[in-house]
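K.L.:
Sequence and predicted structure below; questions after.
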Amino acid sequence: CLATLIIMLVGDTYTLINYVSFINYLCYGVTIIGLIVLRWKKPKIFRPIKVNLLIPITYLAFWAFLLIFSLYSEPVVCGVGLIIILTGVPVFFLGVYWRNKPKCVNRLIESVTCWGQKLCFVVYPQGEAAEEE
């Protein structure tokens with residue numbers, strides 16, 4: 001979020017759209033790769049929608065072409081898009097991967113989460129309130 005806010009303040013809208021488009025295409029491709037890997041490694045799990053593997057493989061071929069073309073034609077935009085994605089790695093390690101955090105870090109994460117939930121109106125019921133509904 002911080003990187004996006006800085007880009008919005010510094011850059012123009014066209015450049016921001018290019019960054020976000022590259023990030024979206026990259027995430028779509030990684031999702032399709034995950035679908036293919038799960039179909040191959042865990043073929044027996046329940047899937048509400050199951051399509052022929054030819055469809056995601058074809059999509060992946062077009063995706064790879066578009067991604068390579070984007071990297072070739074606008075490497076700076078793609079590089080900034082990758083940097084934006086990589087800003088989430090420290091957040092993942094601080095919030096999810098690091099299990100034995102000090103209490104002060106846990107309190108900070110909880111307060112940021114609570115503030116974000118209140119800001120976006122997504123506060124979920126906890127404890128007895130969830131059981132009563």
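P.N.:
That came in fine, so what should we check first?

K.L.:
how distant is stretch 54-70 from the center of its chain?
P.N.:
In terms of C-alpha atoms, centre = their mean, to the nearest Å, the centre of stretch 54-70 is found 19 Å from the chain centre.

K.L.:
The chain: strands as residue ranges?
P.N.:
Under the criterion DSSP state E, the chain carries no strands.

K.L.:
shaky segments in it?
P.N.:
By pLDDT under 70, the weakly predicted segments of the chain are 1, 3-4, 6-8, 10-11, 124-133.

K.L.:
let's see 90
P.N.:
1-27, 35, 40, 43-53, 66-71, 73-88, 90-102, 105-106, 108-110, 112-133 (pLDDT under 90).

K.L.:
Pull out the buried residues from the biggest helix by length in it.
P.N.:
Counting by DSSP state H, the longest helix found in the chain is helix 13-41. Neighbour counts using 16 or more other C-beta atoms under 10 Å place T15, N18, Y19, F22, I23, Y25, L26, G29, I32, L35 of helix 13-41 among the buried residues. The way it works is simple: take the backbone N, C-alpha and C, and place the C-beta from them, glycine included.
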